[in-house]
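1. Using only what follows, build the 3D model:
(2 chains)
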Amino acid sequence: MSDTIEKVSIIISKGSFEGIYPGLIMANGARMEGIEANVFFTFFGMDAINVKHYEHLMVATVGNPGLHIPTMIGGLPGMSAMVTRQMQKKMEELDIPPVPEFITLLSDSGAKLYACKASVEMFGLTRADFIEELEGIITVGDFYQLAAGGQIIFT
Amino acid sequence: MSTAVLANQTIDVDAEGFLQKPEQWTEELGVGIARDVGIDPLTDKHWQVIRFMRNRYLETGTAPTIRTLGKESGVTTKELYQLFPKGPAKLAAKIGGIPKPHGCI
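-> Numbering: from 1, shown residues only, chains lettered A, B, ... in the order given. You can find the predicted model right below:
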């Protein structure tokens, strides 16, 4: 095996704010190192490329022990919105773009973005539900072909 | 830190060849580094990015992110990757004689 990574294929399967960002950051980081990058959005991860949802991603404040907020408090109305706003603010300070801008940045940097065909059918979606930058709606088999010879990262 | 002799000058560099003392940099040196990383010749657009990167580092002490580079350097993200296929921020920093950018973005 080579001691350098030439290609990564990243799967984003979660639809929460904190579920989507790591994969985007990994993909962008790959491109910044000159590494080829594919991103495959599946299940709720497709919210990151769904024009109806990608501006409104929220941090999960319930069932998220890493946040260190008691479950009952995390469930209060407005909690998720408040924590999301705080995180957005922190990210802006670090120059991490909001998801729509991040998707454009990734696409412009040459990363290829794909939606999972099985998930698209399951959620009753069509090409029109997604961002223009989407490269295609592909099967798992297609994904493995694209990923061949590189590393696969599941998030 | 180690040193390298580039364009007949002794320069302080890190293990990857990034300059550790930006004041040791000259444009001639930049041309030499660019050639080493496979960018030859350097066009005006390349220089626009390299100067933006270097000046921002000298002003703020931090190299700009790829987001800032695409928004403020006057060169779009797409063009950045055409000019520096192996990583715009990293290569512009290296050629422009500033330390390796540490951010993840």
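
2. In stretch A:30-46, which of the residues would be classed as buried?
-> A:30-32, A:34-46 (16 or more other C-beta atoms under 10 Å in any protein chain shown). Backbone N, C-alpha and C define where each C-beta goes, glycine included.

3. Among the residues you listed, which ones lie close to chain B?
-> Here is what survives when the buried residues of stretch A:30-46 are matched to chain B using C-beta under 8 Å from any C-beta of the partner chain: A:31-32, A:34.

4. ok so, going back, of the buried residues of stretch A:30-46, which is the nearest to residue B:11?
-> residue A:34 (23.5 Å; C-beta to C-beta).

5. before we move on, which element is the closest one in?
-> When elements are assigned from DSSP states H and E, residue A:34 belongs to no helix and no strand.

6. for the one 4 residues further on, same thing?
-> Counting by DSSP H and E, the element that carries residue A:38 is strand A:36-41.

7. In CSV, list the ones next to chain B among the buried residues of stretch A:30-46 along with pLDDT and distance to residue B:96.
-> As requested, those are exported to CSV (pLDDT from 0 to 100; distance: C-beta to C-beta, whole Å):
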residue, pLDDT, distance to residue B:96
A:31, 97, 20
A:32, 96, 16
A:34, 95, 17
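
8. what comes up buried for the lowest-mean-pLDDT helix or strand in chain A?
-> Across the helices and strands of chain A, mean pLDDT, DSSP states H and E gives its lowest value to helix A:71-74, namely a mean of 93. For helix A:71-74, a neighbour-count test (16+ other C-beta under 10 Å) marks residue A:74 as buried.

9. Could you check stretch A:6-20 against chain B for contacts?
-> No - figure legend: stretch A:6-20 not in contact with chain B (C-beta under 8 Å from any C-beta); closest approach 11.1 Å.

10. neighbouring contacts of that stretch?
-> The contact list for stretch A:6-20, computed with C-beta atoms under 8 Å, 6 or more residues apart in numbering or on different chains, reads A:23-24, A:26-27, A:30, A:35-48, A:53, A:57-60, A:64, A:84, A:87, A:99, A:143, A:146-147, A:149-155.

11. Surely residue A:62 is in a strand?
-> No - assessed with DSSP: H, G, I helix; E, B strand; the rest coil, residue A:62 is coil; it does not lie in a strand.
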